[in-house]
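sequence first, predicted coordinates after that:
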Amino acid sequence: MALSFIKRVFTFGKPSEEPAPDAVKPEDVAAIQAELEPKSRDEDLPVSPVDPVAPAEIETAGGPVADVAAENVEPAEPETSEEDEPALLLGVEAASEIGMVPLALLQAEAEAEEEAVAAAEAPPSVLPDISPSRGEITDAPPAPASDDSTTGSAAVLGEGADHDSISPLEGEMSGRTEGGVSSDEEVPALGKTPRLEPTLPKGFSTARPEPTPEPVAIQPKLTWFQRLRAGLARTSSQLTGQIGALFTKRKLDEETLEQLEDLLIQADLGVETAMRVTGALSSERYGKDVTGEDVSRIMAAEITRVLAPVAKPLALDLNHKPHVILVVGVNGTGKTTTIGKLAAKLSGSGLKVMLAAGDTFRAAAIEQLKIWADRTGSTFIGTKLGADAAGLAYDAYEQARANKSDVLIIDTAGRLQNRTELMAELEKIVRVLGKLDPDAPHTVLQTLDATTGQNAMNQVEIFRNVAGVSGLIMTKLDGTARGGILVAIAAKHKLPIYFIGVGEGVDDLEPFEAQDFARAIAGLTH
Ligand SMILES: Nc1nc2c(ncn2[C@@H]2O[C@H](COP(=O)(O)OP(=O)(O)OP(=O)(O)O)[C@@H](O)[C@H]2O)c(=O)[nH]1
């Protein structure tokens, strides 16, 4: 059998006109073995028991790994574990591709009994669990500090490589050398088998092609107006679509004006704004042909007039240290997220910010605010679930004053289903803060969820009375068809609208600009 293997070594890859197998002389065989043997020993490569069944399950690119496998089937060291087997099996199967498996298997058979005993005695591997089929790494105990080779392996596999982007074989074979342990370095003991990068002889290529990197799509950065338009696209396209259909080849008369008014009211803009728009359109174009663009232009101008008085910046009085912002609103309207976005803006401009988790009813709300605090570099103060929110507000103010915070933002619970309780709690928070600073809270912000349409209008009524709301932030204007409600709220309540939210991301909050909003809702492109 050994002779037939040697013959195959010599005949592999050679043209058919090469000398017949019997041309191989025994001295040639001895020379080859002599050449192979010292090489593998010099490298002191690790070995592992050969499982003659498993190789079929393992993919390989083939190559000189086969030599390693074939020459190093020696009694295993006690650290052998199941995880290590694929590494060697990989080599065996690689060898099969260049016709060398028989030797590996022969030698494996010769040593099998001894190796099986060694494997049975082997302690569990400390390597991360690498799935041979998927190259995945799962949790594994950390490597003992004293074991250099193991530590090196864990560092490579745990830190260096992006395992998702590495093919199974590459993950097995290249991670090791890339991470700083080259094949020239001391090779670790069995149980931490290194994966050697195969260097294929000329004329061979790996079975697996090099992965071509995914093309990276470069997204042009949108201006705020473009983002606003995209966010309000549903609101505006619904409105302009209906308006366009209404004015196709029609002169402006009483009937079309009435129909337009109905459309604007249905779009949540409110009766007052609807009448302003139809009034302006009538005085400009009555009896004349009107296009959808005419209506959009006039609508944008009228909406701008309604919104301009409420589009105000949030004024911080930094003579107060801290300036206290109390954030109120129905649950789910975006209080916590908005606080995070505000904190990012404020701390990004160099102000010292503290966030207080005054929503003591929901553990998730406390945790969410803590995450925002960490993310924005703000100080966080919280208390245990169910604790008195007013007490937390008191402590927060004291701490913010002590650590010289510029701004303290207090989150609150928003439970509309129990208004009495909510009212009592909010009133208590305001009262407590007022004892510490007669002007505190200096700002009471209410968040409104645009997707709730007319409900948002009622919510302002309630919270205004309960907590003395001094300004609004409208959230979730992205993707809603009900963005018109902001115009109705502005017309009715005349409260400042400081910011609007058009997404869940930290940058998805922008100062409210009357003209931008009006033009975006009217479907104008600039
Ligand atoms: N699409 C979109 N989602 C938003 C926006 N603002 C907040 N959200 C999401 O709305 C959900 C509720 O937001 P929260 O900040 O938890 O609302 P909350 O008012 O603090 O809720 P409670 O803690 O239950 O009172 C979250 O999934 C937010 O990511 C926004 O402008 N656009």
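That came through, no problem.

list the residues that contact the residue of the chain found nearest the ligand.
Going by CB to the nearest ligand atom, the ligand is nearest to residue 501 of the chain, at 2.7 Å. The way it works is simple: take the backbone N, C-alpha and C, and place the C-beta from them, glycine included. Contacts for residue 501 (CB atoms under 8 Å, 6 or more residues apart in numbering) come out as 334, 337-338, 341, 473-478, 508-509.

repeat the analysis, applying 7 Å as the threshold.
Applying CB atoms under 7 Å, 6 or more residues apart in numbering, we find residue 501 in contact with 334, 338, 473-477, 508-509.

which of these are close to the ligand?
Counting by CB under 6 Å from any ligand atom, 334, 475-476, 508 from the contacts of residue 501 sit close to the ligand.

how about the residue of the chain closest to the ligand, phi and psi?
Main-chain dihedrals, residue 501, degrees, to the nearest 10: phi -110, psi 130.

on that earlier part again, quick one: which of the ones next to the ligand among the contacts of residue 501 is most hemmed in?
residue 475 (28 neighbours; other CB atoms under 10 Å).

distance check, that residue against residue 281.
Distance, residue 475 to residue 281, by CB to CB, to the nearest Å: 31 Å.

what does stretch 347-359 contact?
Against stretch 347-359 from outside (CB under 7 Å, 6+ apart): 322, 339, 343, 346, 365-366, 369, 372-373, 376-382, 389, 392-393, 396, 399-400, 404-413, 429.

what do you get if the cut-off is 6 Å, keeping everything else the same?
Residues from elsewhere that reach stretch 347-359 (CB atoms under 6 Å, 6 or more residues apart in numbering): 343, 346, 365-366, 369, 373, 376-382, 389, 392-393, 396, 400, 405-413.

buried only: go through the residues you listed for me.
343, 346, 365-366, 369, 373, 376, 378-382, 389, 392-393, 396, 400, 405-413 (16 or more other CB atoms under 10 Å).

among the residues you listed, which are within reach of the ligand?
With CB under 6 Å from any ligand atom as the criterion, these include residue 365 near the ligand.

out of the buried ones among the contacts of stretch 347-359, name the ones that lie in strands.
379-381, 407-412 (DSSP state E).

give the buried residues for stretch 425-442.
By 16+ other CB under 10 Å, the buried positions in stretch 425-442 come out as 425-426, 429-430, 432-433, 437, 440-442.

let me know the closest of those to residue 328.
Comparing those against residue 328 with CB to CB places residue 426 closest, at 6.3 Å.

touching whichever strand or helix holds that closest one from outside, list them.
Using DSSP states H and E, residue 426 sits within helix 419-436. Helix 419-436 is contacted from outside by 324, 389-390, 393-394, 397, 415, 440-441, 466-467, using CB under 6 Å, 6+ apart.

a markdown table for the residues you listed, including pLDDT and distance to residue 356?
Formatted as a markdown table, the contacts of helix 419-436 follow (pLDDT from 0 to 100; distance: CB to CB, whole Å):
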| residue | pLDDT | distance to residue 356 |
| --- | --- | --- |
| 324 | 97 | 9 |
| 389 | 93 | 9 |
| 390 | 95 | 11 |
| 393 | 97 | 7 |
| 394 | 97 | 10 |
| 397 | 97 | 8 |
| 415 | 73 | 18 |
| 440 | 95 | 12 |
| 441 | 96 | 11 |
| 466 | 84 | 19 |
| 467 | 88 | 15 |
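
any chance of those in JSON lines, plus distance to residue 352?
Formatted as JSON lines, these follow (distance: CB to CB, whole Å):
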{"residue": "324", "distance to residue 352": "14"}
{"residue": "389", "distance to residue 352": "23"}
{"residue": "390", "distance to residue 352": "24"}
{"residue": "393", "distance to residue 352": "18"}
{"residue": "394", "distance to residue 352": "20"}
{"residue": "397", "distance to residue 352": "14"}
{"residue": "415", "distance to residue 352": "31"}
{"residue": "440", "distance to residue 352": "17"}
{"residue": "441", "distance to residue 352": "18"}
{"residue": "466", "distance to residue 352": "30"}
{"residue": "467", "distance to residue 352": "25"}
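
in helices only, show me those residues.
389-390, 393-394, 397, 466-467 (DSSP state H).

for the stretch 251-400 of the chain, which spans come out with low pLDDT?
For the stretch 251-400 of the chain, not a single residue meets the criterion pLDDT under 70.

for this structure, which residues are neighbours of the ligand?
So far as CB under 6 Å from any ligand atom goes, the chain lies against the ligand at 329, 331-337, 359, 362, 365, 414, 475-476, 478, 501-504, 508.

try it again at 8 Å.
Residues of the chain found near the ligand (CB under 8 Å from any ligand atom) are 329-341, 359, 362, 364-365, 368, 411, 413-415, 447, 449, 475-479, 500-504, 508-509.

so which of those residues are in helices?
Reading helices off these with DSSP H, I get 335-341, 364-365, 368.

which of those residues are buried?
335-341, 365, 368.

and those residues, which is closest to residue 496?
Nearest member of those to residue 496, counting by CB to CB, is residue 338, at 14.9 Å.

tell me the spacing between the closest one and residue 344.
Relative to residue 344, and taking CB to CB, residue 338 is found at 11 Å.

for residue 508, same thing?
11 Å.

ditto for residue 421
Distance of residue 421 to residue 344, computed by CB to CB: 32 Å.

again, but for residue 300
From residue 300 to residue 344 the distance is 31 Å (CB to CB).

then residue 450?
With CB to CB as the criterion, residue 450 and residue 344 are 21 Å apart.

of those two, who's got more company?
Neighbours were counted for residue 450 and for residue 344 using other CB under 10 Å; residue 450 has more, 29 against 20.

can you pull the contacts of the more buried one?
Shown in contact with residue 450 (CB under 6 Å, 6+ apart): 474, 476-477, 480, 482-483.

what about residue 345, neighbour count?
Residue 345 has 18 neighbours, counted by other CB under 10 Å.

could you find the closest non-adjacent residue to it?
residue 509 (7.3 Å; CB to CB, 6 or more residues apart in numbering).

so what pLDDT did the one you found get?
Here the pLDDT value assigned to residue 509 is 93.

which residues touch it?
With CB under 6 Å, 6+ apart, residue 509 has these contacts: 341, 499, 501.

same question, residue 524
Per CB under 6 Å, 6+ apart, neighbours of residue 524: 296, 300.

so it sits in a strand?
No. Per DSSP: H, G, I helix; E, B strand; the rest coil, residue 524 lies outside any strand segment and is coil.

now it. Its backbone dihedrals?
Torsion angles, degrees, to the nearest 10, at residue 524: phi -80, psi 150.

go on, residue 445?
Dihedral angles for residue 445 - degrees, to the nearest 10 - are phi -100, psi 130.

and if you look at residue 481?
Dihedral angles (degrees, to the nearest 10) for residue 481: phi -100, psi 10.

ok, it touching residue 238?
Yes. At 5.2 Å, residue 481 and residue 238 qualify as touching, with contact defined as CB atoms under 6 Å.

what sits against the nearest residue to residue 503 once chain neighbours are set aside?
Closest residue to residue 503 apart from its sequence neighbours, by CB to CB, 6+ apart: residue 478 at 5.1 Å. Neighbouring residues of residue 478 by CB under 6 Å, 6+ apart: 231, 502-503.

go again with 8 Å.
Going by CB under 8 Å, 6+ apart, residue 478 touches 230-231, 501-503, 508.
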